[in-house]
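Q: Sequence first, predicted model second:
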Amino acid sequence: MKTRIHTFFWKLEGRFRSLLLIFFIASIYFVLLYKRQNPGMTPLMVIRFVEQVADGRPIVLKYTRVPIEAISDYSIYAVMAGEDQKFLDHFGFDFDAIRNALQYDIKTQSTSIWWSTITQQTAKNLFLWQWRSIFRKVLESYFTILMELWRSKERIMEVYLNIVEFWDGIYGIDQAAHYYFDTSADKLTRYQATLLAAILPNPKYYQHHLRSYVLAQRKSAISSWINKLKREAEDKAFVKEIKK
């Protein structure tokens, strides 16, 4: 009896090791693949598509990939200002923000620890699901490290701006530019780019509250950071040619 139990757990352990090895190889493969190749549909797009079908809503899936050279300078630094002001300095994690969030959570018994850097958000949107859990956060951290190891900051920003959700079925800065302002990503003005960056934390909510006081405050704060971040980016050689 003991021999059978031992054999069972030995086989189970062997299968687990095999699955773990497959996961590591697959994860590294896809991270390296997307270093150059643009991603197709992401898990979030599939989830939103299924939700639209299940709810009987019109099917909307608008997703256009554009190179970072075809994205307005204002958009890059507005998103950086609104989502991750230390993007150029950290290795995927803003530990000061994590520490402050944990302190806040302890005081208020809330869960603000789900705040993420741009790299973490890109990892989540590109490889994982949206539902919050410690397991997903661990995987998100793992993919974040891989991305920071094998991708430049420019490439991470490029992928993020191309797959981030701006409204139900609207993905990427170019489609957002068309949807909200009937223009393209390279022609977004400072005001337009600031508004798009301001709605990112919760586009489904802000879509119906575009004149809210909270959104106005976010736009103002983001706008005030754009020039500073642009100067810092130029010092760090995070520079690109912009189509005028």
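A: Great, that's in hand. Residues are numbered from 1 along each chain as shown.

Q: Where do the strands of this structure begin and end?
A: With DSSP state E, the ranges of strands along the chain come out as 62-63, 165-167, 170-171.

Q: neighbours around residue 191, how many?
A: 13 (other C-beta atoms under 10 Å). C-beta here means a position set from N, CA and C on the backbone, and glycine is covered the same way.

Q: Can you tell me how far it is from residue 145?
A: Distance from residue 191 to residue 145, counting by C-beta to C-beta, to the nearest Å: 36 Å.

Q: same check, this time on residue 238
A: For residue 238 relative to residue 145 (C-beta to C-beta), the value is 20 Å.

Q: Count the neighbours of the nearest residue to residue 41 once chain neighbours are set aside for me.
A: What sits nearest to residue 41 in space, not counting adjacent residues and going by C-beta to C-beta, 6 or more residues apart in numbering, is residue 63, at 7.5 Å. Other residues near residue 63 come to 18 when the count uses other C-beta under 10 Å.

Q: By mean pLDDT, which helix or strand of this protein comes out lowest?
A: When the helices and strands of the chain are compared on mean pLDDT, DSSP states H and E, helix 95-108 comes out lowest with a mean of 69.

Q: Tell me the pLDDT of the residue lying closest to residue 64 once chain neighbours are set aside.
A: Computed as C-beta to C-beta, 6+ apart, the closest residue to residue 64 that is not its neighbour in sequence is residue 174, at 4.6 Å. Looking at residue 174, its pLDDT stands at 97.

Q: My guess is residue 174 contacts residue 184. True?
A: Yes. Counting by C-beta atoms under 8 Å, residue 174 sits close enough to residue 184 to count as a contact (6.1 Å).

Q: Identify the contacts common to those two.
A: residue 70 (C-beta atoms under 8 Å, 6 or more residues apart in numbering).

Q: Tell me the buried residues in stretch 157-173?
A: By neighbour count on 16 or more other C-beta atoms under 10 Å, the buried set for stretch 157-173 is 157-167, 169-173.

Q: ugh, wrong one, stretch 197-208
A: Across stretch 197-208, burial judged by 16+ other C-beta under 10 Å covers 197, 198, 199, 200, 203, 206.

Q: what's the answer for stretch 223-232, then?
A: For stretch 223-232, by 16+ other C-beta under 10 Å, it's 223, 225, 226, 229, 230, 232.
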